[in-house]
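[1] Quick one, what's the 3D model for this:
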Amino acid sequence: MNDDFLTRFRKAPPREFSEALYERIRTEMKTQQNFKIRRMTFAAAFCLAVIAALAFSPSARAAISGLVQQIGGITFLGPEETADQGTVPESQVTIVPEDWLALDEARGKVPFEISLPTWTPDGFTMSKTVRISYFGDKYTPVELTWYGSDTSVGNIVLTVGQPVNWLVDMDHLEEVQINGEPAGLTGGSWDADSGQWSGSDATLTWKKGDVMYILSSPSAPVEDLIRMAESIP
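    The predicted model follows:
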């Protein structure tokens, strides 16, 4: 993967983003704050994973004990953390272009199939719009959100896109089964400010064919996430 897209897209977010953001602020403040944090850590995790992938050749990464693990066709990377990384300077922050579209329209913009779960926990409703992020041509994930009626549980977010190396804390990664196939389960997420792993978000990561699925929630039971993942045809 070419790394020039990490600096190429430094421009203001499009008008569609502002319009979609206005629609989303109708939800409870606590739930919305959880979702914003999830969006920021998602972008930070991907960028760090790309940097790690570029910094080491495949053979070199494989030689680093405990820093690379494959589960179900997904490569999980675990770079070393440092306690005093500090805040990233604003000049080094990359704004990733994105679109907010109806699902049918989004399906026509990406080179992969988007399959939806046929089961969701009670009280969850899928958003009318989805988000496409453009990390260059090789990674254009589509993010779908189910809003829950219980703000203490938060939302459920499904991200569908091309397979990429994924950054995790190896101490919080375990293998689970989705319809008899291996998947990665992680607890927590990267904090964009500190550069360290924190929180208790549950995230499932797995492949269906050539498509990578990521299903996460700050407080939904892991059993519900697995059942939801298993209902995706």
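[2] from here on, contacts and neighbour counts on C-alpha atoms
    OK.
[3] what about the helices in the protein?
    In the chain, the segments counted as helices under DSSP state H are 5-8, 15-24, 29-55, 58-63, 103-107, 222-230.
[4] which one of these has the lowest average pLDDT?
    When mean pLDDT is averaged over each of these, helix 5-8 scores lowest at a mean of 38.
[5] Would you agree Ile156 is in contact with Pro221?
    No: under the criterion of Cα atoms under 8 Å, Ile156 makes no contact with Pro221, lying 10.6 Å away.
[6] For these two, indicate the residue with more neighbours.
    Neighbours were counted for Ile156 and for Pro221 using other Cα atoms under 10 Å; Ile156 has more, 25 against 12.
[7] Quick check: the more buried one vs Val96, distance?
    22 Å (Cα to Cα, to the nearest Å).
[8] Tyr147 now?
    Distance from Tyr147 to Val96, by Cα to Cα: 24 Å.
[9] Just give me the neighbour total for Trp146.
    Other residues close to Trp146 by other Cα under 10 Å number 19.
[10] would you list every one of the strands in this protein?
    Ranges of strands in the chain, per DSSP state E, are 68-71, 74-77, 98-101, 124-126, 130-133, 142-148, 156-161, 166-167, 173-178, 181-190, 197-208, 211-217.
[11] can you tell which of these is closest to Met228?
    Nearest of the strands of the chain to Met228, taken as Cα to Cα: strand 211-217 at 8.7 Å.
[12] Partner strands of the closest one and their direction?
    strand 156-161 (antiparallel), strand 197-208 (antiparallel) (DSSP bridges).
[13] For that strand, which outside residues touch it?
    74, 112-113, 153-164, 201-207, 225, 229 (Cα atoms under 8 Å, 6 or more residues apart in numbering).
[14] Below-threshold pLDDT in this protein: ranges please.
    1-66, 79-93, 189-200 (pLDDT under 70).
[15] try 80 this time
    The chain contains residues with pLDDT under 80 at 1-66, 79-94, 152, 188-200.
[16] Quick check: beta-bridge partners of the closest residue in space to Asn165 that isn't next to it in sequence?
    Once flanking residues are discounted, Asn165 sits nearest to Thr75: 4.9 Å by Cα to Cα, 6 or more residues apart in numbering. In this entry, Thr75 is beta-bridged to Gln70, by DSSP bridges.
[17] got a list of what Thr75 touches?
    Thr75 sits next to Val68, Gln69, Val164, Asn165, Trp166 when contact means Cα under 8 Å, 6+ apart.
[18] Please save the CA atoms from stretch 204-217 in CSV.
    Listed next in CSV are the C-alpha coordinates belonging to stretch 204-217 (Å, rounded to 0.1, in the frame of the first residue of the first chain):
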residue,chain,number,x,y,z
LEU,A,204,-15.0,-8.3,16.7
THR,A,205,-12.9,-8.4,13.5
TRP,A,206,-13.2,-11.1,10.9
LYS,A,207,-13.3,-11.8,7.1
LYS,A,208,-16.1,-13.0,4.9
GLY,A,209,-14.5,-13.8,1.6
ASP,A,210,-12.4,-10.8,0.6
VAL,A,211,-14.2,-8.4,2.9
MET,A,212,-13.3,-7.4,6.4
TYR,A,213,-16.0,-6.8,9.0
ILE,A,214,-15.5,-4.9,12.3
LEU,A,215,-18.4,-4.9,14.8
SER,A,216,-17.9,-2.9,18.0
SER,A,217,-19.8,-1.4,20.9
